[in-house]
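S.K.: have a look at this prediction, sequence included:
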Amino acid sequence: MNPASHIPGQAADLGALPVGFQGRIRAIRVDGPGGPLPGPELERRLLELGFTEGAPVEILHQGLFRDPIAVRVAGSTVALRRREARAVIVEPA
Amino acid sequence: MSESLLAHTAAPAGAAAPWVALVGNPNCGKTALFNALTGSRQHVANYPGVTVERKVGRSMTPGGRELRLIDLPGTYALRARSPDEAVTRDVVLGRLKGEVAPDLLLLVADATNLRPALRLALELKDAGRPILLALNMMDIARHRGFRIDLDRLSRELGVAVVESVAVRRQGTDALLARLDGMLADLPPPGPVTWQEGAAGNVRAAQREADRILAACVAAPADPSSGTRRIDAVLLHPVLGLIILLAVLFLMFQAVFAWATPAMDAIDAGFSALGGLTDAMLPESGALGLLRSFIHDGLIGGVGSVLVFLPQILVLFLFILLLEDFGYMARAAFLMDRIMGGAGLHGRSFIPLLSSFACAIPGIMATRVIDSRHDRLATILVAPLMTCSARIPVYTLIIAAFVPNRPVGEGALAWVNLQGLVMFGLYAAGIASALLVSFVIKKVLWRQHATEPFMLQLPDYKLPSARNLAIGLWQRALVFMRRAGTTILSMMVLIWFLSSVPRPPEGATEPAIEYSFAAMIGRAVEPVLSPVGFNWQISMALIPGMAAREVAVASLGTVYSVAGGEDDSAGLGQALAGKWSLATALAFLAWYVFAPQCAATLGVIRRETGSRRWMLVSFGYMLALAYLAAFATYQIAVLLGAG
C-alpha cells in the first residue's frame, strides 16, 4: 500500500535504528520479510498500538543484544522486536 | 450477597438490576475501577469452555439503584486476536451464549493516554448500546498538566463523559451518579452495525480519534518523564537485568522465609486434627478404616494441598505488586530475547520462575500470557521446573548414594559432589523445560507461530493496597475452591488405593503392603524393572502422587524404618543397603520429569479448561520420566553401578 518507491532516501525502517532516534512515521510497510504474522495482521496490530502515519516516534531503550526495543509513539510506550519494527518506515525529525 | 451473585445469569428480565460492562485498553485502570465500584461484592469464575476469567460484581448508585458489573478483558479493538478479546467482543455485541447483553458500556480510559481509548470509543458506538466514557486516573492526568475539555469531548465523540479516580475515596461518586441518570432513562438498544475492519478502517478511526484528541486535550510536552527516568535504570540492558535478578532473589527468599512459619502452623494444625481423630476412633475394624479415611484421606489430603497456600499468597503478593507498579511488562521486555530462543514469550518468564517454588502458582500466573498457544506451552513445561517438593526426595537420595567429597583437586576442590548432583538435577529440569517448549512451539505448533512480542509498557504508578488485597483474596479463593473439589477427590482416590484392602488380623507387614497400591506396584513392576525399580518403589509412586515428598514417607513405611519420614538419615541408610546406585540414579532421573503431583494436574485441568491438556501433560512427562530413568539405569549398569 505504500510502495518503497514513494519513500525518499533519508527514510529508514525503525527496526534498524539506534536508541535515541527521534522522528516521525512515514508509512507502515508490511511487504518485507516479516515475522510470524501475516502482513495485514501485523499492519493492524501496529496501527492499534499507535503506529500511524505522521505520529512522532523515539527509540527509548533496547535489550541486551539490541532486541527488543522500547519505542515512544504518540503518547504511549510500546515494546516490540526489531523484526516487527522493520515494518515501520520513519524519517528523522 | 454471594448467593445472589451466583444466581446472576438466571435473574429474571425486567425486575433484574441492569448490567454494566467495563471495557477498556490494557493498563487503563479498569480492574482498579471495578474493584472500587464493587469492593468485595465480586465473584470470579471462568467462561464456560474457555480459560478466560469472568469477573462480575454488584454496586449501588447514590440513588439506590443496584447495578451488576462485568469486568471484560482489556483490548485495543473489538476485533479479537485472543480468546480474552473474543469474550470482550462477544459480550459487548451481545453475542456470547449464556451471557445477557449489557445494558450499558462503561468505557474506561487512562486519562494520561487517551489516544487508543478514543479509537475504541468510536468503534464501540457501533455496538448499539449506550456508552459512558470514564476518564480514569484523572488526578494523575491533572497533576501532569493535561487539560481536557470534557464537554467538547462528549460532543465530538457523541458519548457521555465523566471523570473518575479509582484509587481514591469518593473518586467514583460522579461516575455512579452519572450511571444512575443514564440507567433511569435507557433508550432501547440500537442495531449492531459493528463489522471487523481492515487496516484502512483502523487508520481512518485513529485519524478521527487524533482529530478529536487535538481539539479537546492539551497535553504537556513530556507527560511520562518520570517513567522515562525510572526506565533509564530498570530497562538498562545490563543494570536492568541485575536489578531483575535481585528482585527475583528477594521474591524467592520471601516465598521460602515468610511462608515457612505459616506452612509449619498449617502442618501442625492438620497433624493435631489428625491426632484428634486418632484419639476418637479405634485403630482396627470398620471404624479403623473410617479413622484412616478421615486422618490420612481427608485431613491428610486437604492438609497436603493447603500447606502450599502461604507460598502461593506470598508469591502472588509479589506478582500483583510488580504488576500494579508496572514492572511485569518490563520483566517481560528484559527476558524476551532469552525466552524467545526456546519459542516462548517474554511473559512466560515469571510463571516459569514461580514454578521453582511450586508449579501451582506458576501455572496460575500464566494468565498474563495473551496468546493461547504461548500460554499452553508455558503450562505444559512449568511442572518440569524443579519445585520445592522435589527437594526432600533429591536430598534423601543424594545423601544416601552420592559421596560427600570434593569433585576434584586444586581448582575443583571447593565443588562438592553432592552439590554438583543437586545442581545437575535443577539444570536438567530447566534444560528439559526449554527443550520441550522448543519442540512444542517450533516443531509441533509451527503453524501457530509465537505471538510477536508487542506490548505496551505502562507508566509506573504506586500500587493500591485495596487492589492488592482483593487480588490476593481472589487467588486464595480460586486455589481453595480447587483444593476443596478436584484436588481433594484425587487425594481421596490416592488414599483409597494405598489403604484398601486393610491388612488381615495379625498382619506383620506394613499395612500398605496389602493395599491396591501394592497390587498395582507388583503388577507394574515388570514395566518398571527395566528402569531399575523394584515393586516397593513402584508402589511408593502411587501415594507419591499426593505430593512428591510423600513418596519418601511411603518408602520409609514400606522399608519399615522406625521414625518414618522424620528419620531421613535412617531411611537413607536402609535405602543404601537395598538399592543399587543405578536404581538410585534412575529414581532421581524419574523425579526430574515424572508428573508426580495430583494437585498440579488438577490446576492444569482448571487453567486450561479441559481434561485433555491435563492428560497430555501427564502422558508426556511420564514418557520422559521413563525414558530418562531407563537411560540412566542402563548406562549406570553398563558402567558397573548395577
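M.R.: That came through fine. Being a predicted model, the structure only gives us computed values, none of them experimental.
S.K.: contact partners for residue B:528?
M.R.: Contact analysis of residue B:528 by C-beta atoms under 8 Å, 6 or more residues apart in numbering or on different chains lists B:537, B:538. C-beta here means a position set from N, CA and C on the backbone, and glycine is covered the same way.
S.K.: burial measure for the closest residue to chain B within chain A, as a count.
M.R.: Ranked by C-beta to the nearest C-beta, the top residue of chain A for proximity to chain B is residue A:36, at 3.0 Å. Other residues within reach of residue A:36, judged by other C-beta atoms under 10 Å in any protein chain shown, total 15.
S.K.: tell me the secondary structure of it, please.
M.R.: Taking DSSP: H, G, I helix; E, B strand; the rest coil as the rule, one finds residue A:36 in the coil state.
S.K.: how close does it get to residue A:93?
M.R.: Look at residue A:36 and residue A:93: by C-beta to C-beta, to the nearest Å, they are 31 Å apart.
S.K.: let me know the outermost residue of the chain.
M.R.: No chain specified, so I'll use chain A. When distances are taken from the C-alpha mean of chain A, residue A:64 lies farthest, 19.5 Å away, according to C-alpha atoms, centre = their mean.
S.K.: wait, chain B
M.R.: Distance to the chain centre peaks in chain B at residue B:506, reaching 48.2 Å (criterion: C-alpha atoms, centre = their mean).
S.K.: what segments of the chain are strands?
M.R.: You didn't pick a chain, so chain A it is. Taking DSSP state E as the criterion, chain A carries its strands at A:12-13, A:22-28, A:56-62, A:69-73, A:76-80, A:88-92.
S.K.: to clarify, I was referring to chain B.
M.R.: Along chain B, the stretches classed as strands by DSSP E are B:19-24, B:42-46, B:53-60, B:66-71, B:104-110, B:131-136, B:147-148, B:160-163, B:217-218, B:454-456.
S.K.: I'd like those as JSON lines, with mean neighbour count appended.
M.R.: Compiled in JSON lines, the strands of chain B are given as follows (neighbours: other C-beta atoms under 10 Å in any protein chain shown):
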{"stretch": "strand B:19-24", "mean neighbour count": "25"}
{"stretch": "strand B:42-46", "mean neighbour count": "17"}
{"stretch": "strand B:53-60", "mean neighbour count": "19"}
{"stretch": "strand B:66-71", "mean neighbour count": "21"}
{"stretch": "strand B:104-110", "mean neighbour count": "26"}
{"stretch": "strand B:131-136", "mean neighbour count": "25"}
{"stretch": "strand B:147-148", "mean neighbour count": "15"}
{"stretch": "strand B:160-163", "mean neighbour count": "21"}
{"stretch": "strand B:217-218", "mean neighbour count": "15"}
{"stretch": "strand B:454-456", "mean neighbour count": "21"}
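S.K.: so which of the ones you listed gets nearest chain A?
M.R.: strand B:454-456 (4.5 Å).
S.K.: so what touches that closest one?
M.R.: For strand B:454-456, the external contacting residues (C-beta under 8 Å, 6+ apart) are A:45-46, A:49, A:76-81, A:84, B:25-27, B:329, B:332-333, B:347.
S.K.: what's the answer for stretch B:492-504, then?
M.R.: Residues from elsewhere that reach stretch B:492-504 (C-beta under 8 Å, 6+ apart): B:288-289, B:292-293, B:296-298, B:300-301, B:509, B:511-517, B:520, B:542-543, B:545-546, B:554, B:598.
S.K.: and for stretch B:539-555?
M.R.: Residues outside stretch B:539-555 that contact it (C-beta under 8 Å, 6+ apart): B:300-301, B:304-305, B:387, B:389-393, B:396, B:490-491, B:494-495, B:497-498, B:512, B:517-518, B:520-522, B:536-537, B:558, B:564-565, B:568, B:571, B:575, B:591, B:594, B:596-599.
S.K.: swap the cut-off to 6 Å and go again
M.R.: Judged by C-beta atoms under 6 Å, 6 or more residues apart in numbering or on different chains, the contacts made with stretch B:539-555 from elsewhere in the structure are B:304, B:389-390, B:392-393, B:396, B:491, B:494, B:497-498, B:517-518, B:521, B:564-565, B:596-598.
S.K.: ok, residue A:88 touching residue A:15?
M.R.: No. In this structure, residue A:88 sits apart from residue A:15 without contact. The criterion is C-beta atoms under 6 Å, and the distance is 7.5 Å.
S.K.: out of the two, which sits in the busier spot?
M.R.: Applying other C-beta under 10 Å to residue A:88 and residue A:15 shows that residue A:88 carries more neighbours, namely 25 against 18.
S.K.: what is that one paired to in the beta sheet?
M.R.: residue A:28 (DSSP bridges).
S.K.: could you list the low-pLDDT ranges of chain A?
M.R.: Judged against pLDDT under 70, the low-scoring parts of chain A cover residues A:1-9, A:32-35.
S.K.: where is the longest helix in it?
M.R.: Of all segments of type helix in chain A, defined using DSSP state H, the longest is helix A:39-48.
S.K.: give the buried residues for that one.
M.R.: Neighbour-count burial for helix A:39-48 flags A:39, A:42, A:43, A:44, A:45, A:46, A:47, A:48 (criterion: 16 or more other C-beta atoms under 10 Å in any protein chain shown).
S.K.: interface residues of chain B facing chain A?
M.R.: Remark: the part of chain B in contact with chain A comprises B:76-77, B:113, B:115, B:199, B:202, B:206, B:235, B:237, B:333, B:336-337, B:449, B:452-457, using C-beta under 6 Å from any C-beta of the partner chain.
S.K.: go ahead and confirm residue B:109 touches residue B:117.
M.R.: Yes. The pair residue B:109 and residue B:117 qualifies as a contact (C-beta under 6 Å) at a distance of 3.4 Å.
S.K.: relative to residue B:428, how far out is residue B:422?
M.R.: For residue B:422, the distance to residue B:428 equals 11 Å [C-beta to C-beta].
S.K.: can you list contacts of stretch B:408-418?
M.R.: For stretch B:408-418, using C-beta under 6 Å, 6+ apart, the contacting residues are B:398, B:402, B:403, B:404, B:405, B:406, B:407.
S.K.: max pairwise distance over those: which two?
M.R.: Longest distance between any two of the contacts of stretch B:408-418 is 15.2 Å, between B:398 and B:406; criterion C-beta to C-beta.
S.K.: so who does the residue nearest to residue B:539 when sequence neighbours are not counted touch?
M.R.: Distances taken as C-beta to C-beta, 6 or more residues apart in numbering or on different chains place residue B:521 nearest to residue B:539, at 2.9 Å, with adjacent residues excluded. Contacts for residue B:521 (C-beta under 6 Å, 6+ apart) come out as B:535, B:538, B:539.
S.K.: which pLDDT value belongs to the first one?
M.R.: This means residue B:535. The pLDDT attached to residue B:535 in the predicted structure is 84.
S.K.: hmm, it is touching residue B:524, no?
M.R.: No. Between residue B:535 and residue B:524 there is no contact, the gap being 8.2 Å when judged by C-beta under 6 Å.
S.K.: these two: who's more crowded?
M.R.: Neighbours around residue B:535 and residue B:524, counted as other C-beta under 10 Å, are more numerous at residue B:535. The numbers are 20 against 16.
S.K.: follow-up on the earlier one: so between residue B:398 and residue B:406, which is more surrounded?
M.R.: Between residue B:398 and residue B:406, residue B:398 has the larger neighbour count (other C-beta under 10 Å), namely 21 against 15.
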